[in-house]
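> Model the structure of this input:
(one chain, ligands or ions: 2)
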Amino acid sequence: MGRFSKILGAESPNYVRDKQGHDGAETVADGPESLIESVKDTPALAKKDRRKNEAFSSPEDRAQALESQIYLHGKLLDEIDLSTLEGLSESEMRRHVSVVIRDLIAKENRTLNRDQFNELVSGIINEMVGLGPLEVLLQDDSVSDILINTHKQVYVERGGELELSNVYFASEEHLMRIINRIVATVGRRVDESQPLADARLLDGSRVNVAIPPLAVDGPLVSIRKFSKKPFTLDKLVEFDAVPDGVAQFLAAACRARVTILISGGTGSGKTTLLNALSQSISHKERLITIEDAAELQLQQPHVARMETRPPNIEGKGEIRQRELVKNALRMRPDRVVLGEVRGEEAFDMLQAMNTGHEGSMATLHANTPRDAITRLEQMVAMGDMKITPEAVAGQIASAIGIIVQAQRLSDGQRKITSVAEITGMEGAVIQMQELFNYTRTGTGPENEVIGEFRATGIRPKCLHEITTRNIPIPEGIFEPKVLPIGRIYEETIAERIGHDE
Ligand SMILES: Nc1ncnc2c1ncn2[C@@H]1O[C@H](COP(=O)(O)OP(=O)(O)OP(=O)(O)O)[C@@H](O)[C@H]1O
Ligand SMILES: [Mg+2]
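Numbering: from 1, shown residues only. Ligands and ions are numbered 1, 2, ... in the order given. Prediction:
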């Protein structure tokens with residue numbers, strides 16, 4: 001009983017603000033009707049609420065029903081014996097909580113319609129086993145990122161743009177409880193001595209937590225939601241993120257084991273592109289993925305996934321990407337896929353790419369393909385290898401075939417803004433040629449970016465790898481011109497390049 005009240009506190013059941021930004025708790029004091037309004041703002045609940053509103057004949061009825069709901073929520077805290085719920089499945093728990101609520105309604109002689117009843121049950125279960133107020137956002141498929149800036153404020157990203165959501169937490173303690181529930185699933189906890197943590201939600205969403213004293217005003221949580229159905233290359237073409245011809249060329253290069261590096265800023269769509277490209281890898285190959293927090297969803301039957309381990313509280317037991325890359329090479333991979341290359345593992349990854357693991361892939365934070373090379377050079381230098389800068393450049397030039405640049409434009413659109421090929425070395429300098437690019441040509445009425453994709457007119461060296469394997473690429477794709485966007489063919493890219501060799 002005690003623990004239950006601790007989890008819920010004497011808090012309002014819906015941590016959702018109304019349009020004016022008032023807290024749910026305050027709105028209740030203002031008048032219950034406005035709480036109904038505030039719940040209606042949440043897209044996931046919109047349909048349900050429309051029904052609910054129809055169910056009430058007058059504002060008085062609505063007010064009364066809502067008052068019941070809030071009263072019952074408080075009352076429930078005293079009635080439920082939490083220990084009886086432990087170890088139950090969610091549906092059993094729902095049944096149990098429903099019974100208690102039903103009894104309570106009868107005892108109190110109150111009325112609640114079906115939607116309100118279900119909502120009350122869900123709210124309570126979310127607090128107990130789920131992530132409380134966050135559940136609404138996690139279930140909303142239009143939300144891609146959730147950014148919690150202290151318990152008072154939660155931003156979300158929808159369609160590439162950030163907006164303030166109407167969700168909030170009752171207090172810092174409430175948020176900390178939810179945070180510790182998140183990190184506990186990966187066997188960690190956060191406190192003053194361990195104020196930073198990476199974790200993963202059960203659905204695969206990636207989470208980063210920073211709490212005071214590092215976070216100045218209160219806990220900060222960033223969640224990259226796991227896309228239930230990862231984008232295919234065809235979907236990216238439909239979204240005008242890349243022209244059809246370029247997407248088919250990249251898929252063909254990937255199939256032909258040209259090593260591809262995906263470069264881009266934070267949230268520019270690197271992981272999405274990596275997932276999509278992986279579709280074109282032959283199903284006969286064995287892939288090993290290495291990530292800090294596993295989020296890749298490769299489309300292959302034979303994928304071995306590995307994840308790094310942070311140090312424990314005593315600072316021991318850390319397993320870094322570098323060790324995993326080295327270990328992966330003893331696991332007979334055909335290709336190694338590194339979620340993000342960030343440091344010393346760059347050297348081992350390049351070696352792998354140069355020694356029979358062609359077609360390996362990685363993403364990296366950089367603003368241009370040229371910048372990506374500089375970053376790689378710096379990363380190898382960080383690994384204190386006794387190797388000259390020229391030798392490093394040589395390794396990079398022979399390891400990497402293509403660099404694809406992903407970018408999030410100012411209006412939130414994500415696009416492939418450049419595809420460049422590494423052609424070799426001239427002296428100590430890596431030579432590169434751009435095959436395709438995206439150029440902004442104007443601004444639309446809603447401030448949207450208008451631009452065009454162009455082929456530069458250069459035929460890539462790696463074309464040989466592709467054509468000798470009889471992998472088709474579109475006619476005339478490298479001729480200098482503006483490339484058409486959108487789906488051109490009935491057949492998917494995967495169908496066009498063939499499923500297997
Ligand atoms: N072309 C696209 N159109 C629309 N949404 C996209 C596109 N590409 C990616 N997204 C969405 O953008 C978000 C960020 O994508 P992704 O995780 O691939 O970025 P990232 O560059 O790997 O980010 P990070 O640097 O944080 O790892 C995801 O929610 C994804 O679904
Ligand atoms: Mg990523």
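
> Report the secondary structure element holding the residue of the stretch 151-300 of the chain found nearest ligand 2.
Nearest residue of the stretch 151-300 of the chain to ligand 2 (C-beta to the ion) works out as T271 at 3.3 Å. Placement of C-beta: from N, CA and C, glycine included. T271 is located in helix 270-278, with elements delineated by DSSP states H and E.

> That helix and ligand 1, are they touching?
Yes: using C-beta under 6 Å from any ligand atom, helix 270-278 reaches ligand 1 at 270-272.

> hang on, the earlier thing: got a list of what the residue of the stretch 151-300 of the chain closest to ligand 2 touches?
Applying C-beta atoms under 8 Å, 6 or more residues apart in numbering to T271 gives the contacts 295-296, 339, 363.

> ok, the residue in the stretch 51-200 of the chain that ligand 2 sits nearest to - how many residues close by?
Distances between the stretch 51-200 of the chain and ligand 2 by C-beta to the ion are smallest at D145, namely 11.5 Å. Residues within reach of D145, counting by other C-beta atoms under 10 Å, total 18.

> And R110, what's its pLDDT?
For R110, the pLDDT comes out at 74.

> Doesn't it lie inside a helix?
No: counting by DSSP: H, G, I helix; E, B strand; the rest coil, R110 is not part of a helix but coil.

> how far away is it from V325?
61 Å (C-beta to C-beta, to the nearest Å).

> Could you do G132 as well?
Counting by C-beta to C-beta - G132 and V325 are separated by 38 Å.

> what's whichever helix or strand I262 is part of packed up against?
Take DSSP H and E as the rule and I262 turns out to sit in strand 260-264. Strand 260-264 sits against helix 244-255, helix 270-278, strand 361-365, helix 369-382, strand 402-408, with contacts defined as 3 or more C-beta pairs under 8 Å, 6 or more residues apart in numbering; DSSP states H and E.

> Nearest residue to V482 in space, please, no chain neighbours.
E452 (4.9 Å; C-beta to C-beta, 6 or more residues apart in numbering).

> ok, now T374?
Here the residue nearest T374, using C-beta to C-beta, 6+ apart, is A366, at 7.7 Å.

> list the contacts for that neighbour?
263-264, 372, 374-375.

> Farthest-apart pair in these, please.
G264 and T374 (15.0 Å; C-beta to C-beta).

> Comparing those two, which residue is more hemmed in?
G264 (26 against 12).

> ok, how many other residues are close to the spatially closest residue to the more buried one that is not a sequence neighbour?
Nearest residue to G264, sequence neighbours excluded (C-beta to C-beta, 6+ apart): A406, at 3.4 Å. As a burial measure, A406 scores 24 neighbours (other C-beta under 10 Å).

> how far away is A406 from S263?
7 Å.

> same deal with G442?
In terms of C-beta to C-beta, G442 sits 26 Å off from S263.

> more crowded one of those two?
Set G442 next to S263 and count neighbours by other C-beta under 10 Å: S263 wins out with 28 against 9.

> can I assume H357 sits in a strand?
No: counting by three-state DSSP, one finds H357 to be coil, located in no strand.

> Roughly how far does it sit from A420?
Taken as C-beta to C-beta, the span from H357 to A420 is 22 Å.

> what do you get for E238?
The value you get for E238 to A420, if C-beta to C-beta is used, is 24 Å.

> With L131 instead?
Here the criterion is C-beta to C-beta. By it, L131 lies 41 Å from A420.

> Nearest to ligand 1: which residue in the stretch 401-501 of the chain?
Nearest to ligand 1, among the residues of the stretch 401-501 of the chain, is R414, at 3.8 Å (C-beta to the nearest ligand atom).

> Enumerate the beta-bridge partners assigned to that residue.
R408 (DSSP bridges).

> residues in the stretch 301-450 of the chain within reach of ligand 1, list them.
Checking the stretch 301-450 of the chain against ligand 1 by C-beta under 6 Å from any ligand atom, the hits are R414.

> how about the strands in the stretch 301-450 of the chain?
According to DSSP state E, counting those that start in this stretch, the stretch 301-450 of the chain carries its strands in the segments 303-307, 335-338, 361-365, 402-408, 414-426, 429-443, 449-455.

> Could you tell me which residues within the first one count as buried?
By neighbour count on 16 or more other C-beta atoms under 10 Å, the buried set for strand 303-307 is 303, 306-307.
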